[in-house]
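A.B. asks: can't give you the sequence, but here's the structure:
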């Protein structure tokens, strides 16, 4: 039953929520953020709340035809969910695709701006004061290390809170850069910026992914798991991540099969990342990157979230 419809958003029910937090996930590098938020939604068995109409944002994925008659058009979904856990009300938004214009794969242009505002319209409607987004932080780290969670916040008063999260650093502390500047591209960064302008608190939590894996076409659940562990702290709840651990093991075995075939010199250079303090590890050399690029199909323009 449709409870309300406004400016491209359909709300199916109108629960009474008290200062809910919103968790937002879109596909990106390694699908780190999407997997983290979707896993949390699934574990909490969140109920469907509403959706954003996809017609104005995406081309159809599939046209269903039966006996020569066009039956339906299938679009990427953009759905809201809600649940209460431990006295906390939560809203989730999961988009299966980032709207873009031109040749870019990830969010760009007027469509992305409209999409971000529609998501925040729902947050405001239900009284949200804080929004969490999640994605990937491309970093010169080693795949055998536990991924850290890199954070970006919208106000100074959130810094101390984030610094108390386990295994979490501010993006400005990521040692791969000489400057303390950085950016979060895609809808995660756009949503955070718009949330700040609209008076909402925003925190983006990005799981580390090794730079040489950032263009791979498979997920990186190891980093999603690190993000979920922070979510667990925020919500003060235990999570059964066994299903995600199985996926992590499968992907890790595949990555190891590439790793063991690295040329000796390249492997020795790369392994320095394991013993060095994660402060200023060296980047992948040009020769190493050529070797890697030949073995991975690059995922378009990289998109997602990337420190610069």
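C.D. replies: Cool, the structure landed. Just so you know, these numbers come straight off a predicted model, no measurement behind them.

A.B. asks: From residue 211, how far off is the residue lying closest to residue 267 once chain neighbours are set aside?
C.D. replies: Distances taken as Cβ to Cβ, 6 or more residues apart in numbering put residue 259 closest to residue 267, at 7.5 Å, once the chain neighbours are dropped. No exception for glycine: its C-beta is placed from N, CA and C like everyone else's. According to Cβ to Cβ, to the nearest Å, residue 259 stands 14 Å off from residue 211.

A.B. asks: so how far is residue 99 from residue 110?
C.D. replies: Separation of residue 110 from residue 99 (Cβ to Cβ): 9 Å.

A.B. asks: Of those two, which one has the most company?
C.D. replies: residue 99 (25 against 9; other Cβ atoms under 10 Å).

A.B. asks: got the phi/psi numbers for that one?
C.D. replies: Here is the backbone geometry of residue 99 (degrees, to the nearest 10): phi -70, psi 140.

A.B. asks: Let me see the contact set for it.
C.D. replies: 57-58, 107, 109, 111-112, 114-115, 187 (Cβ atoms under 8 Å, 6 or more residues apart in numbering).

A.B. asks: Closest to residue 153 out of these?
C.D. replies: Lowest distance from residue 153 to these (Cβ to Cβ) belongs to residue 187, with 17.3 Å.

A.B. asks: and that closest one, what pLDDT?
C.D. replies: We have a pLDDT of 85 for residue 187.

A.B. asks: Verify the contact between it and residue 94 for me.
C.D. replies: No - look at residue 187 against residue 94 with Cβ atoms under 8 Å: they stay out of range, at 11.9 Å.

A.B. asks: joint contacts of the two?
C.D. replies: residue 26.

A.B. asks: Where neighbours are concerned, which of the contacts of residue 99 has the most?
C.D. replies: residue 187 (32 neighbours).

A.B. asks: Just to be sure, it is in a strand?
C.D. replies: No - under DSSP: H, G, I helix; E, B strand; the rest coil, residue 187 sits outside any strand and is assigned helix.

A.B. asks: re the thing from before, which of the contacts of residue 99 scores worst on pLDDT?
C.D. replies: For the contacts of residue 99, the pLDDT minimum is residue 107, 55.

A.B. asks: what's residue 154 in contact with, if anything?
C.D. replies: So residue 154 contacts 192, 195-196, 200-203 (Cβ under 8 Å, 6+ apart).

A.B. asks: I'd like to know which of the residues you listed is nearest to residue 242.
C.D. replies: Nearest to residue 242 among the contacts of residue 154: residue 203, at 26.6 Å, using Cβ to Cβ.

A.B. asks: so when I look at that closest one, I'm seeing a strand, right?
C.D. replies: Yes - applying three-state DSSP, one finds residue 203 inside a strand.

A.B. asks: Roughly how far does it sit from residue 99?
C.D. replies: 23 Å.

A.B. asks: and what of residue 197?
C.D. replies: Taking Cβ to Cβ, one finds residue 197 at 19 Å from residue 99.

A.B. asks: Make sure residue 75 is actually in contact with residue 63.
C.D. replies: No - the criterion here is Cβ under 8 Å, and residue 75 misses it with residue 63 at 10.8 Å.

A.B. asks: Which one's more surrounded, the two?
C.D. replies: Neighbours were counted for residue 75 and for residue 63 using other Cβ under 10 Å; residue 75 has more, 17 against 10.

A.B. asks: before we move on, the earlier item: how many neighbours does the residue nearest to residue 267 have?
C.D. replies: Other residues close to residue 259 by other Cβ under 10 Å number 16.

A.B. asks: Show me what counts as buried in stretch 126-136.
C.D. replies: 126, 128, 130-136 (16 or more other Cβ atoms under 10 Å).

A.B. asks: could you redo these as TSV and give each row pLDDT and secondary structure?
C.D. replies: Converted to TSV, the buried residues of stretch 126-136 look like this (pLDDT from 0 to 100; DSSP: H, G, I helix; E, B strand; the rest coil):
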residue	pLDDT	secondary structure
126	96	coil
128	96	coil
130	97	strand
131	97	strand
132	97	strand
133	95	strand
134	95	strand
135	93	strand
136	93	strand
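
A.B. asks: I'm done for today, thanks for sticking with me.
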